[in-house]
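> got a predicted structure plus its sequence, pasted below:
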Amino acid sequence: MALAASTTLSATAQRVTDVFTDEEFIKYVSFTVGGELKSFEISGPTTGAFTTKTVRTLPTDRMPDIARKVVGATLTVTQVETWEAPAADGSRNSTIKLTVGGAPLDVTAVQKLSASGENTVVDLTGEVKSSIPFLGAKIASAAEPVVGRALNLQATLAQEWLTSHPA
């Protein structure tokens, strides 16, 4: 199933990168959805190429019944982001891979931060797959809107964070 979202944030691409990789912001996003940040690691400075690994637990109460039956009341989600070094104008891409403990879901996405003056356009495209024979497409279809909203929520909450936490 396909994921697609776009948001414009009122900050430079580097500032958006710094927010997306701020452990306090990641805790805030996790808490906002009723989850909990378990761990966060970053390797390398955000001014160049780097990777992050985020592990959080998330409630499944908003997921369809078919998905909750497979995964239970909470999910442990591991999110690995591989960020490219910024282009001359500050634009950059990151590849996102999500794995869900106890669930046969594979999520891959590309997040593009495109500099537009003092603003940044955040475009997210990706796909949700499930490896369960016969039911995989149904599970991926049920999970896709939830995963899409979760990934898009980060960009939405980033604008609130940017406003309340000026650089």
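Sure thing, it's come through.

> make it CA atoms for all contacts and neighbour counts henceforth
Will do.

> quick check, Ile96 in contact with Gln111.
Yes: Ile96 sits in contact with Gln111 when judged by CA atoms under 8 Å, with a separation of 7.3 Å.

> Thr54: how many residues sit nearby?
Counted by other CA atoms under 10 Å, the residues lying close to Thr54 total 19.

> same check, this time on Ala158
Ala158 has 23 nearby residues by other CA under 10 Å.

> same thing with the one 5 residues further on?
Here the count is done by other CA under 10 Å, and Thr163 has 12 residues near it.

> where does it land on pLDDT?
pLDDT, Thr163: 93.

> what's the separation between it and Ala13?
15 Å (CA to CA, to the nearest Å).

> same check on Lys129?
30 Å.

> just want to know which of those two has more residues nearby.
Under the criterion of other CA under 10 Å, the comparison of Lys129 against Ala13 puts Ala13 first, with 26 against 20.

> how about the more buried one, what does it touch?
Residues near Ala13 by CA atoms under 8 Å, 6 or more residues apart in numbering: Gly90, Ser91, Arg92, Leu113, Ser114, Ala115, Asn119, Thr120.

> all helices for this protein, in order.
Secondary structure of the chain by DSSP state H: the helices cover 13-20, 23-32, 65-71, 136-164.

> where among those helices is the average confidence lowest?
helix 65-71 (a mean of 69).

> show me what counts as buried in stretch 50-64.
Within stretch 50-64, the residues that count as buried by 16 or more other CA atoms under 10 Å are Phe50, Thr51, Thr52, Lys53, Thr54, Val55, Arg56, Thr57, Leu58, Pro59, Thr60, Met63.

> mind listing what the closest residue to the third one other than its chain neighbours touches?
When you say that, I think you mean Thr52. Closest residue to Thr52 apart from its sequence neighbours, by CA to CA, 6 or more residues apart in numbering: Ile42 at 4.4 Å. The contact partners of Ile42, by CA under 8 Å, 6+ apart, come to Thr21, Phe50, Thr51, Thr52, Lys53.
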